[in-house]
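Visitor: got a predicted structure here, sequence first:
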Amino acid sequence: MSQPLLKVENLQQFFPISRTYTVKAVNGVSFEIYPGETYGLVGESGSGKTTIGRSIIRLYNPTGGKLTFNGRDITGKMDSDTRAMLRKEMQMIFQDPMASLNPRKKVADIIGEGLDIHHRASSRNDRAEQISEMLKKVGLSPEHAARYPHQFSGGQRQRVGIARALIMNPKLIIADECISALDVSIQAQVVNLMKDIQEETGCAYLFIAHDLSMVKYISDRIGVLHRGYMVEAGTKKEIFANPIHPYTKSLLSAIPYPNPEVEKRRQSIVYNYAASGIDYAKGTEHSAGGSHTVLATDEEFAAWTGKQ
Amino acid sequence: MSEQSKTILDIRNLDISFKTNAGIVHAIRGVNLDLCKGETVAIVGESGSGKSVTMKAAMGLLDSNAIINSGEILFTYTDENGAEQTVDLLKMSKKQLRQNFNGQRIAMVFQDPMTSLDPTMTIGKQIMEGMFLHKNMDKKAARERAIELLGLVGIPDAEKRFRNYPHQLSGGMRQRVVIAIALSADPDILICDEPTTALDVTIQARILELIMDIQKKMKLSVIYITHDLGVVAKVADYVDVMYAGKIVEVGNVNEIFYEPKHPYTWGLLSAMPDLDTDDDRLYSIPGSPPNLLHEPKGDAFAARNQFAMAIDEKADPPLFQVSRTHFAATWLLHPDAPKIEMPKELQARLERARKEVEKFK
Ligand SMILES: Nc1ncnc2c1ncn2[C@@H]1O[C@H](COP(=O)(O)OP(=O)(O)O)[C@@H](O)[C@H]1O
Ligand SMILES: Nc1ncnc2c1ncn2[C@@H]1O[C@H](COP(=O)(O)OP(=O)(O)O)[C@@H](O)[C@H]1O
Ligand SMILES: [Mg+2]
Ligand SMILES: [Mg+2]
């Protein structure tokens, strides 16, 4: 196998709130993303997904652990060369396209911003040309360049966000809940678009979501996050066909199926960490075969897998 | 779903426009909708299809630039003297609605709980407020009832939570409080407008199960607005599929999910993530809904419909009857139309869905 594009080792991200209280948003998380693949990171709100994304793109200084991207250590203080590489090769798409797009800027300037900062357009014409191309690639039309974000629907705005990230031709795009605010029917459009783009450009995605249903269509591998811990990880198949951790099971069972006769009889599985007796801090990574891993104590792992 | 169940809300030929700087937006174009006592009707459709505006009309909550072109919203209830009354909510003033219906006989829960909560008031006070206002309850009784309601909506430590402010609660807990407030007036109808769209799936599941449970206990009639067919499958008895300001298909929940007739419903169902296949591509309905600033000519769905025929460009289809409860507005159901089946992928998927049901029997 090729070298991972991104290697996250034992990442910790703490936020000291007061002298006596620290939020441990990310508590020793490890995973790798290979070139051209999609890694899905799922978990309920507050589980630490956004924090991981922001630590990786270095909006935060990691409290602990090691980040390697594109062959370089990006954990601590970076030299200007490494920083420039990171700014170009890693891009982010956000959940709320309205809040992340400057409302006073025309779409052309939003998309062209990266070109301007990194001097990647040789002339005004070249810049306009690149922006036009990008608009077409994300399913918008070149005429849209002169419009403002508020003149677009939610799905269209998300396409603008994708175009802005893509124009840098990055190796990794972090998509933080980028479809969560959209209608289910529009989510499908955006997910398909992201797949097409990946096929064409070979970029990798870190696809962050709070539910597993769409993640299934885009991810090669999946990590399930809860309370700052990676409780289960594996290929899409391993996670969907054989979920082991009770939290993963509850996430899967919470997705309502479009099948009324089944859905009306089904009760979702409730997972209550506080009452479960599980302590993530005591768990270690257990292998469930292949690349499938579960955070558990030996006893928990035996109980969950029925190998008593 | 008994045949004799009584209609409690009857929306007839509702037609609403909005005056905007860019012109007139014809948002609701002749909507008919029935809700029977004790049942749940789901209105499903993409953003902008007119779901919220339809129900806001019933609550007297339309924005001031709205023009009601035509329609009636008939609400049937039992008054203080035990006599049955039917009134047209559209003919009431906002004041009348506020004093006698809105928040009392008909209550609404919105997507964002913070829009319905007062951040400066404890949640206990907010739940009791309606009871003072509408029910003339004394303080002690109201307090007891409020704590009971907090328990009913699944808030642990209700006594303690009573003194919390909204910001001290999680999103899911806040939405439970909003539901408790809605229930505090003992309404006949509960309108839920995407109440779980902003919540985590696990919390969504809890809230949906909660609403269904309360509905049984309190014999509520529920209108459930959502864009998610998974949610519809879970909660609905009847389904109205809305597109561009019209109901394009209506039927009981099994008819809509197992024998859909409208190509738009086919599209919505096909676009649902399916956890049971290895497909790695999702169907998506091409294009986007029409801008109702310009009145669509013919069938508003024609431009996105791979099965559109010449007539779709010219005339808007009427509702064709499929069964006693099932209707769809598509020319495909006209006796002279060529015989067109739903897409194969969807057929296969519905086949799997039916097999899945067999496993439960
Ligand atoms: N800058 C910050 N300061 C303090 N706490 C934070 C900060 N950012 C996130 N948190 C906390 O860290 C946890 C994880 O947050 P987040 O990464 O946003 O979760 P997610 O994206 O999965 O919803 C939450 O408890 C959140 O309140
Ligand atoms: N105050 C308003 N002024 C102009 N247009 C409006 C107003 N309120 C709603 N609309 C339009 O009415 C249509 C239906 O809106 P809505 O009922 O909110 O859709 P849904 O709830 O199905 O997403 C949309 O096209 C929306 O833009
Ligand atoms: Mg987040
Ligand atoms: Mg709405």
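Guide: In hand now; what should we look at? Just so it is clear, the model here is predicted, and its values are computed rather than measured. Ligands and ions are numbered 1, 2, ... in the order given.

Visitor: could you look up the SS state of the residue lying farthest from the centre of chain B?
Guide: Taking CA atoms, centre = their mean, the residue of chain B most remote from its mean C-alpha position is B:Lys140, at 35.1 Å. Here B:Lys140 is recorded as helix under DSSP: H, G, I helix; E, B strand; the rest coil.

Visitor: and it, what pLDDT?
Guide: Note for B:Lys140: predicted pLDDT of 91.

Visitor: next one: B:Glu3
Guide: On pLDDT, B:Glu3 comes in at 47.

Visitor: okay, now the domains of chain A?
Guide: Here the domain parsing of chain A from automatic domain parsing is A:35-60+A:76-227, A:243-308.

Visitor: give me whichever of those domains is most buried.
Guide: domain A:35-60+A:76-227 (a mean of 19; mean count of other CB atoms under 10 Å in any protein chain shown). Where you see a C-beta, it was placed from the backbone N, CA and C, and this is true even at glycine.

Visitor: quick one: that domain near ligand 2?
Guide: No. Judged by CB under 6 Å from any ligand atom, domain A:35-60+A:76-227 and ligand 2 are separated, with a smallest distance of 8.5 Å.

Visitor: from B:Phe110, how far out is whichever residue of the stretch 201-350 of chain B sits closest to ligand 2?
Guide: Residue nearest to ligand 2 within the stretch 201-350 of chain B (CB to the nearest ligand atom): B:Leu292, separated by 5.5 Å. With the distance defined as CB to CB, to the nearest Å, B:Leu292 ends up 23 Å from B:Phe110.

Visitor: same question for A:Gln187.
Guide: On the measure of CB to CB, A:Gln187 and B:Phe110 end up 22 Å apart.

Visitor: also B:Arg98?
Guide: B:Arg98 is 17 Å from B:Phe110, by CB to CB.

Visitor: neighbour-wise, which of the two wins?
Guide: Of the pair B:Arg98 and B:Phe110, B:Phe110 is the one with more neighbours under other CB atoms under 10 Å in any protein chain shown, namely 20 against 15.

Visitor: next, give phi and psi for the residue nearest to the more buried one when sequence neighbours are not counted.
Guide: Among residues not flanking B:Phe110 along the chain, B:Asp193 sits closest, at 5.2 Å (CB to CB, 6 or more residues apart in numbering or on different chains). Main-chain torsions, B:Asp193, degrees, to the nearest 10: phi -100, psi 100.

Visitor: isn't B:Asp193 right next to B:Thr54, touching?
Guide: No. Between B:Asp193 and B:Thr54 there is no contact under CB atoms under 8 Å: 10.2 Å.

Visitor: tell me who's in contact with whichever residue of the stretch 151-300 of chain A sits closest to ligand 2.
Guide: Closest to ligand 2 within the stretch 151-300 of chain A is A:Asp183: 8.5 Å, counting by CB to the nearest ligand atom. For A:Asp183, the contact set (CB atoms under 8 Å, 6 or more residues apart in numbering or on different chains) comprises A:Gly154, A:Gly155, B:Glu46, B:Ser47, B:His227.

Visitor: between those, which is nearest B:Lys314?
Guide: B:Glu46 (24.3 Å; CB to CB).

Visitor: confidence score at that closest one?
Guide: pLDDT, B:Glu46: 89.

Visitor: which residue packs closest to it, ignoring adjacent ones?
Guide: A:Asp183 (4.9 Å).

Visitor: quick check: which element contains B:Asp213?
Guide: Assigned by DSSP states H and E, B:Asp213 belongs to helix B:201-218.

Visitor: can that helix be found next to chain A?
Guide: Yes. Contact of helix B:201-218 with chain A (CB under 8 Å from any CB of the partner chain) involves B:Val201, B:Thr202, B:Ile203, B:Gln204, B:Ala205, B:Arg206, B:Leu208, B:Glu209.

Visitor: the helix or strand that that helix is followed by near ligand 2 at all?
Guide: As assigned by DSSP H and E, the chain's next helix or strand after helix B:201-218 is strand B:221-226. No. Against ligand 2, strand B:221-226 shows no contacts by CB under 6 Å from any ligand atom, the least distance being 6.6 Å.

Visitor: contacts for strand B:221-226, please.
Guide: With CB under 8 Å, 6+ apart, strand B:221-226 has contacts from B:8-9, B:35-44, B:51-52, B:55, B:188-194, B:196-197, B:211, B:215, B:231-232, B:235-236.

Visitor: tell me the buried residues in that strand?
Guide: B:Ser221, B:Val222, B:Ile223, B:Tyr224, B:Ile225, B:Thr226 (16 or more other CB atoms under 10 Å in any protein chain shown).

Visitor: which residues are in contact with the residue of the stretch 201-350 of chain B closest to ligand 2?
Guide: Neighbouring residues of B:Leu292 by CB under 8 Å, 6+ apart: B:Val25, B:His26, B:Ala27, B:Arg29, B:Ala244, B:Gly245.

Visitor: now do the helices in the stretch 251-361 of chain B.
Guide: Using DSSP state H, counting those that start in this stretch, the helices of the stretch 251-361 of chain B run over B:253-258, B:263-270, B:310-314, B:344-360.

Visitor: state the distance from the residue of the stretch 51-200 of chain A found nearest chain B to A:Ile179.
Guide: Minimum separation of the stretch 51-200 of chain A from chain B (CB to the nearest CB) falls at A:Ala188, amounting to 3.6 Å. Distance, A:Ala188 to A:Ile179, by CB to CB: 9 Å.

Visitor: between the two ends of stretch A:41-56, how far is it?
Guide: 13 Å (CA to CA, to the nearest Å).

Visitor: and it, how far from the chain's centre?
Guide: Between the centre of stretch A:41-56 and the centre of its chain there are 8 Å (CA atoms, centre = their mean, to the nearest Å).

Visitor: check stretch A:265-284 too.
Guide: Computed by CA atoms, centre = their mean, the chain-centroid distance of stretch A:265-284 equals 24 Å.

Visitor: is that stretch in proximity to ligand 1?
Guide: No. Using CB under 6 Å from any ligand atom, stretch A:265-284 never reaches ligand 1; the gap is at least 13.5 Å.

Visitor: who's in contact with that stretch?
Guide: Contact with stretch A:265-284 is made by A:27, A:226-227, A:229, A:231, A:246-247, A:249-250, A:253-254, A:257, A:295-297, A:300, B:202, B:205-206, B:209, B:360, as judged by CB under 8 Å, 6+ apart.

Visitor: what do you get for stretch B:33-43?
Guide: Contact with stretch B:33-43 is made by B:1, B:5-11, B:14, B:51, B:54-55, B:188-189, B:212, B:215, B:219-226, B:231-232, B:235-240, B:242, B:247, B:250, B:253, as judged by CB under 8 Å, 6+ apart.

Visitor: just the buried residues from those residues, in ChimeraX please.
Guide: Buried subset of the contacts of stretch B:33-43, written as a ChimeraX selection, criterion 16+ other CB under 10 Å:
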select /B:8,9,10,11,14,51,54,55,188,189,212,215,220,221,222,223,224,225,226,231,232,235,236,237,238,239,240,242,247,250,253
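
Visitor: lovely, talk soon.
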